[in-house]
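Novice: Predicted model follows, preceded by the sequence.
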Amino acid sequence: MSQKQSLEEIKAQLKEELIENLSLEDIGPEDITNDEVLFGDEGIGLDSLDAVEIVVFLQRIWGIEIQDMEEGREILVSIDTIANHIYSNL
């Protein structure tokens, strides 16, 4: 990436990547709020396999590595938490 993306650009791209990579066919980017919980029953309902997919595309697109599960649990909460992690590590 030649120039640093803004936080809002990262959030928009994250939503697109989630939908595309996780085959969320009934959801549009506008349906995902930035602070919505992504995993479990209260949020979008993603599971551990989805978490692996997210880790893979974070690595591929932004070069962000999540090494351990504890770190992952803190980062992969919402669009906001993931985007803030990406932004601070670009």
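Specialist: Cool, the structure landed.
Novice: Residue 83 against residue 9, yeah?
Specialist: No. Between residue 83 and residue 9 there is no contact under Cβ atoms under 8 Å: 9.2 Å. Just so you know, the C-beta spots here come from the backbone N, C-alpha and C atoms, and that holds for glycine as well.
Novice: Who has more neighbours out of these two?
Specialist: A side-by-side neighbour count of residue 83 and residue 9, using other Cβ atoms under 10 Å, places residue 83 first with 22 against 12.
Novice: and residue 1, what pLDDT?
Specialist: pLDDT for residue 1: 43.
Novice: lowest-pLDDT helix or strand in this protein?
Specialist: Lowest on mean pLDDT, DSSP states H and E among the helices and strands of the chain sits helix 69-75, with a mean of 93.
Novice: Now the element after that one, going C-ward?
Specialist: For helix 69-75, the succeeding helix or strand toward the C-terminus, using DSSP states H and E, is helix 79-89.
Novice: Contacts for that next one, please.
Specialist: For helix 79-89, contacts defined as Cβ atoms under 8 Å, 6 or more residues apart in numbering pick out 5, 7, 10-11, 14-15, 32-36, 38, 54, 58, 62, 64, 74-76.
Novice: Tell me who's in contact with residue 38.
Specialist: Shown in contact with residue 38 (Cβ under 8 Å, 6+ apart): 18, 44, 46, 50, 76, 77, 78, 79.
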